[in-house]
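**Q** Starting from these lines, generate the structure:
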Amino acid sequence: MLQLVDLGPQSLQKHEAIIGEERVAELRALAAPLRGVRVAHINATSYGGGVSELLRSLVPLYRDLAIETDWGVIPGSNYEARREGGKLVIHGRGAAARFRARSWPHRRHGPLAQR
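**A** The predicted structure is shown next:
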């Protein structure tokens with residue numbers, strides 16, 4: 001089961017001094033057709049990393065625009081370990097990459113082995 005991240009409210013109005021009244025009104029108009037739509041963000045962690053930093057700001061602003069938005073975190077270090085292991089494989093490291101190297105005979109005995 002997902003653990004919902006508890007975020008306090010945030011108002012788009014506080015950004016009006018920076019982006020201007022017209023932009024705030026434009027954002028509200030663009031978001032109007034999305035009222036009642038449910039958006040669920042699912043992430044591995046609620047802290048650290050770029051995604052969690054963005055969601056910490058965006059989710060309350062979506063809610064202020066009347067877009068029903070939740071942010072859930074997949075609990076457990078098992079998931080985080082698998083995710084990190086997957087990153088290692090993508091970059092050619094980790095257990096699966098070592099298995100691939102042992103599994104392919106041409107890596108030890110093929111034409112590239114003598115180079």
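**Q** Helices of this protein, start to end?
**A** Secondary structure of the chain (DSSP state H): helices at 16-19, 21-31, 50-64, 77-90, 95-103, 106-109.
**Q** For the nearest residue to residue 69 once chain neighbours are set aside, the count of nearby residues, please.
**A** In space, and not counting its chain neighbours, residue 69 is closest to residue 62: 4.0 Å by Cβ to Cβ, 6 or more residues apart in numbering. For glycine as for every other residue, the C-beta is placed from the backbone atoms N, C-alpha and C. Residue 62 has 22 neighbours, counted by other Cβ atoms under 10 Å.
**Q** How about residue 72?
**A** 15.
**Q** tell me the contacts of the spatially closest residue to residue 8 that is not a sequence neighbour?
**A** In this structure, residue 8 finds its nearest non-sequential neighbour in residue 60, 6.8 Å apart by Cβ to Cβ, 6+ apart. Contact analysis of residue 60 by Cβ atoms under 8 Å, 6 or more residues apart in numbering lists 7, 8, 9, 10.
**Q** wait, the residue nearest to residue 69 sits on residue 39?
**A** Yes: between residue 62 and residue 39 there is a contact under Cβ atoms under 8 Å: 6.4 Å.
**Q** shared neighbours of these two, anything?
**A** residue 69.
**Q** Output the contacts of residue 60 as JSON lines; include the columns neighbour count.
**A** Formatted as JSON lines, the contacts of residue 60 follow (neighbours: other Cβ atoms under 10 Å):
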{"residue": "7", "neighbour count": "17"}
{"residue": "8", "neighbour count": "5"}
{"residue": "9", "neighbour count": "8"}
{"residue": "10", "neighbour count": "17"}
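**Q** Among the residues you listed, pick out the one closest to residue 47, please.
**A** Nearest to residue 47 out of those is residue 7 (Cβ to Cβ; 12.3 Å).
**Q** quick one: contacts for that closest one?
**A** 56, 59, 60, 71 are the contacts of residue 7 under Cβ under 8 Å, 6+ apart.
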